[in-house]
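A.B. asks: Turn this into a model:
(2 chains)
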Number of protein chains: 2
Amino acid sequence: MDTNDELKSKFMEFPYVSASHKNLMLELLSSVDTRLGPSLQSCTLPPDVQHFGNPTGSARASLHLRSGLPSSQIDFILGGWIHCELPSGGALNITSLSAYLKPSTNAPHFLLDLIQSSPTSLVLILDLTPRKDLVSYPAYLKMYYEDTNLDRHRQVLQNLPEVKPYISPSLYIRSVVSPTAILVGIDVGDGEERGIEDIIEDHVGSVAKEMLDFWIESCACLERSVGENERGYLEERDGIIKRKTIEVDLGSSFPRLFGQEVADRVLGVLKEYYGK
Amino acid sequence: MDTNDELKSKFMEFPYVSASHKNLMLELLSSVDTRLGPSLQSCTLPPDVQHFGNPTGSARASLHLRSGLPSSQIDFILGGWIHCELPSGGALNITSLSAYLKPSTNAPHFLLDLIQSSPTSLVLILDLTPRKDLVSYPAYLKMYYEDTNLDRHRQVLQNLPEVKPYISPSLYIRSVVSPTAILVGIDVGDGEERGIEDIIEDHVGSVAKEMLDFWIESCACLERSVGENERGYLEERDGIIKRKTIEVDLGSSFPRLFGQEVADRVLGVLKEYYGK
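C.D. replies: Numbers count the residues shown, from 1 in each chain, chains lettered A, B, ... in the order given. This is a model prediction of the structure:
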C-alpha cells in the first residue's frame, strides 16, 4: 500500500503527456499550493481512489482532492489525470483541475480540462463557472465577466488558426459554463510547423495561468458578504451543478474506461464530495 | 398619412433583400397569420413607428407588432426589416421576427434575426429562448431542448462548409440564448458556386420554418399549467429579458442608424411593450 506521499508523487508525475502539458499542470498546482495551501486539508481520498487502473492495465488514473478548511471559502479542489489506451492504437489523456467554492461567496467556480485523444489535437475547456443565472442577475454578469474583460482570454486563443470552437454534445455543459468560457478544439494537422505542445507552451499556458490567478485572488481569496436568501440559492444551484458534473462527466465515462467495479468504487467516494 | 393596410404592405415588401430571403420572411409570417392570427390583435403601433427613415433617407425600416388577445398565451409578436446604406458603399439589411409569451406558460420565446452586411455574408440568429435558468431547472432543459432533439437543426447548418459559429460581442446575448441556439456566420466567399440566397433557399429556410412550426404548435398553442410562484419567476425574468433586448439590440443601434430623434420616438413606443 502506498503512503500518501507516494500517492501524491504519482499524481504529480502526469505521465503520458508532453513536457509542456505536464509543466503547465505543475505550475497551476504550485499556484494553488502557494496561495491556497494554508486554507486546504491534505488529500482525504482513500489510496485506491487516489490511484487506480482497470483490470487489464490499459487504463490508469490519479486523483487528488483537497477540501477547504472550515474557515476557508473553498469547498474543495480536485486535480487529476486519466490515461487510457484506445482500441484504435492511440491513447486518451485527460488532465484536469476544478475548484468549487462554498455558498459563503457567490464568486465563480474554476474549471480546466485538457482532453487529448490524438497526438495532433486537443480539446480545452477552461472557465470560471457562474454560480447564478446570468439573465436574472445582470449585475453578476457585469461584475465577474464584463467589467473584468474575461473574454479577452478566449479571444487570444480564438485568433490562432489551429483553434476552432468546440461544441460539447452535452446541452447541460453548454448551459452551465459562462459566456466567456473557452471551449475550443485545437488541431495542428499533419504539418511539422508546430505541435500541440508548442501551442500549450506559447498560448494555452499563459491563458490558463492568468485565469487561475484571477480566480485565486478575486474569487477564492476575496471575501464577499452573502445574505441568507442568496446562500440558500447558491447552495441549491451548486448542489445541482456538482451532482450533474459527476453524472455527465465522470459518471458517463468511468465505467467504460475502468470497468463497473472500479468506477463504482471511485464514483462512490467522489459523491461524498459532489453530492448524491 | 398611410392607412394601416398600406403600412402593412410596406412591411411585407421586404425590399432590398434577395427573393429567397423575402420569400422566407413571407412564409414565416404566413404561418404566424394562419395559426395564430385569431389570437392576435392588429398592429397597434402608430404609423410613424410602423414605417420610418432617417432625415437623409439613407436608412429605412418597417416594424409590425401584434399583441396577443387576453385569452391567448402570446404576449406579442414583432416582425421588422431595417435597411441602411453604409458609408463604405454597401448596405446593412436586417429582417427579424421575435415572439414573446405570457407568464401563463413557461414555454420558450422565439427569436429570428437575419443580418446581412455584405452580399456574400450573413449572420443568422435563430433560437427558442429559454424562460428559466437551465442549470437550476434541468427538467426544463430536458423537456424543451433534449427530448425534442432541437439541436439537430443547428447541426444541419453547422455541417455546411460556408457556416461558422458566430460569437456575439454581447455577453448578455450569449447568456440569454439556449444551448441549441443557432448563432452562425455564413460566408460564401467570392466564388460563383452558390450565393447567400441559395443557402437561405436550400438550408436556412427549412430550418427556420421547422423551428417556427415547432414553436407555434408546442410553445404558443399548447396550454401549460403554471403555478403562482413560477408565474412570478417568469414575469420577473421575462421583464429583464425584454428590457435588456431593447437596450442591447435596438437601443444601441437605432440612434446610430436613424438619428437620436427618430430613435427616441420608435424606442419610446416599443418600450410600452418591452418594459422600461
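A.B. asks: what about the helices in the stretch 1-150 of chain A?
C.D. replies: A:4-13, A:19-36, A:47-50, A:138-141 (DSSP state H, counting those that start in this stretch).
A.B. asks: Ok, which of these comes nearest chain B?
C.D. replies: Evaluated over these, closeness to chain B peaks at helix A:138-141, with 6.1 Å, by C-beta to the nearest C-beta. Heads up, the C-betas are built off the backbone N, CA and C, glycines and all.
A.B. asks: Check whether the next helix or strand after the closest one comes into contact with chain B.
C.D. replies: Counting by DSSP states H and E, the next helix or strand C-terminal to helix A:138-141 is helix A:151-158. Yes - applying C-beta under 8 Å from any C-beta of the partner chain, one finds helix A:151-158 touching chain B at A:151, A:158.
A.B. asks: So which elements touch helix A:151-158?
C.D. replies: Helices and strands touching helix A:151-158, by 3 or more C-beta pairs under 8 Å, 6 or more residues apart in numbering or on different chains; DSSP states H and E, are strand A:182-187, helix A:205-214.
A.B. asks: so which of those is the most packed in?
C.D. replies: strand A:182-187 (a mean of 20; mean count of other C-beta atoms under 10 Å in any protein chain shown).
A.B. asks: what's in contact with that one?
C.D. replies: Under the contact criterion C-beta atoms under 8 Å, 6 or more residues apart in numbering or on different chains, strand A:182-187 has outside partners A:120-127, A:153-154, A:157-158, A:160, A:162-168, A:177, A:196, A:199, A:204, A:207.
A.B. asks: which element follows that strand toward the C-terminus?
C.D. replies: Downstream of strand A:182-187, the next assigned helix or strand under DSSP H and E is helix A:196-199.
A.B. asks: you'd agree residue A:156 is up against residue A:203?
C.D. replies: Yes - using C-beta atoms under 8 Å, residue A:156 makes contact with residue A:203 at a distance of 6.8 Å.
A.B. asks: for chain B, what are the nearby residues on chain A?
C.D. replies: With C-beta under 8 Å from any C-beta as the criterion, chain A meets chain B at residues A:133-136, A:138, A:141, A:145-146, A:151, A:158, A:165, A:167, A:171-172, A:174-176, A:179-180, A:236-237, A:240-241, A:244.
A.B. asks: List the contacts of the nearest residue to residue A:127 once chain neighbours are set aside.
C.D. replies: Once flanking residues are discounted, residue A:127 sits nearest to residue A:181: 3.9 Å by C-beta to C-beta, 6 or more residues apart in numbering or on different chains. By C-beta under 8 Å, 6+ apart, the residues touching residue A:181 are A:125, A:126, A:127, A:129, A:154.
A.B. asks: Could you count how many residues lie near the spatially closest residue to the fourth one that is not a sequence neighbour?
C.D. replies: It refers to residue A:129. Using C-beta to C-beta, 6+ apart and skipping the chain neighbours, the partner closest in space to residue A:129 is residue A:109 (4.3 Å). A count of nearby residues for residue A:109, using other C-beta atoms under 10 Å in any protein chain shown, gives 23.
A.B. asks: who touches residue A:109 in this structure?
C.D. replies: If you count contacts by C-beta under 8 Å, 6+ apart, residue A:109 has them with A:98, A:99, A:100, A:101, A:128, A:129, A:131, A:241.
A.B. asks: Mark which of those residues are part of strands, please.
C.D. replies: Among the contacts of residue A:109, the members found in strands (DSSP state E) are A:98, A:99, A:100, A:101, A:128, A:129.
A.B. asks: So residue A:176 versus residue A:243, what's the distance?
C.D. replies: 12 Å (C-beta to C-beta, to the nearest Å).
A.B. asks: Out of those two, name the residue with the larger neighbour count.
C.D. replies: Neighbours were counted for residue A:176 and for residue A:243 using other C-beta under 10 Å; residue A:176 has more, 24 against 16.
A.B. asks: ChimeraX command for the buried members of the residues of chain A next to chain B?
C.D. replies: Entered in ChimeraX, the line below selects the buried ones among those, by 16 or more other C-beta atoms under 10 Å in any protein chain shown:
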select /A:133,134,135,136,138,141,145,146,151,167,171,172,174,175,176,179,180,237,240,241,244
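A.B. asks: ok, what's across the strand from the residue nearest to residue A:68 when sequence neighbours are not counted?
C.D. replies: With sequence-adjacent residues excluded and distances taken as C-beta to C-beta, 6+ apart, residue A:68 is closest to residue A:74, at 3.2 Å. Using DSSP bridges, the bridge partners assigned to residue A:74 are residue A:101.
A.B. asks: Was I right to think residue A:12 contacts residue A:27?
C.D. replies: No - between residue A:12 and residue A:27 there is no contact under C-beta under 8 Å: 11.8 Å.
A.B. asks: I'd like the distance from residue A:224 to residue A:180, if you could.
C.D. replies: Distance from residue A:224 to residue A:180, counting by C-beta to C-beta: 20 Å.
A.B. asks: What average pLDDT does stretch A:238-250 get?
C.D. replies: The average pLDDT for stretch A:238-250 rounds to 93.
A.B. asks: which other residues reach it?
C.D. replies: Contacts with stretch A:238-250, where a contact means C-beta under 8 Å, 6+ apart, come from A:75, A:98, A:100, A:103, A:109, A:129, A:131, A:170, A:172-173, A:176, A:266-267, A:270-271, A:273-276, B:135-136, B:138.
A.B. asks: Likewise for stretch A:209-229?
C.D. replies: Applying C-beta under 8 Å, 6+ apart, the contact partners of stretch A:209-229 are A:24, A:27-28, A:31-32, A:35-36, A:73-74, A:97, A:99, A:101, A:103-108, A:110, A:112, A:126, A:128, A:144, A:148, A:150, A:153, A:234.
A.B. asks: Can you give me the buried ones in that stretch?
C.D. replies: For stretch A:209-229, burial by neighbour count (16+ other C-beta under 10 Å) applies to A:211, A:212, A:214, A:215, A:216, A:219, A:220, A:221, A:226.
A.B. asks: gap between it and the chain center?
C.D. replies: Remark: stretch A:209-229 is offset 17 Å from the chain centroid, using C-alpha atoms, centre = their mean, to the nearest Å.
A.B. asks: so how far does it reach from one end to the other?
C.D. replies: End-to-end distance for stretch A:209-229: 34 Å, by C-alpha to C-alpha, to the nearest Å.
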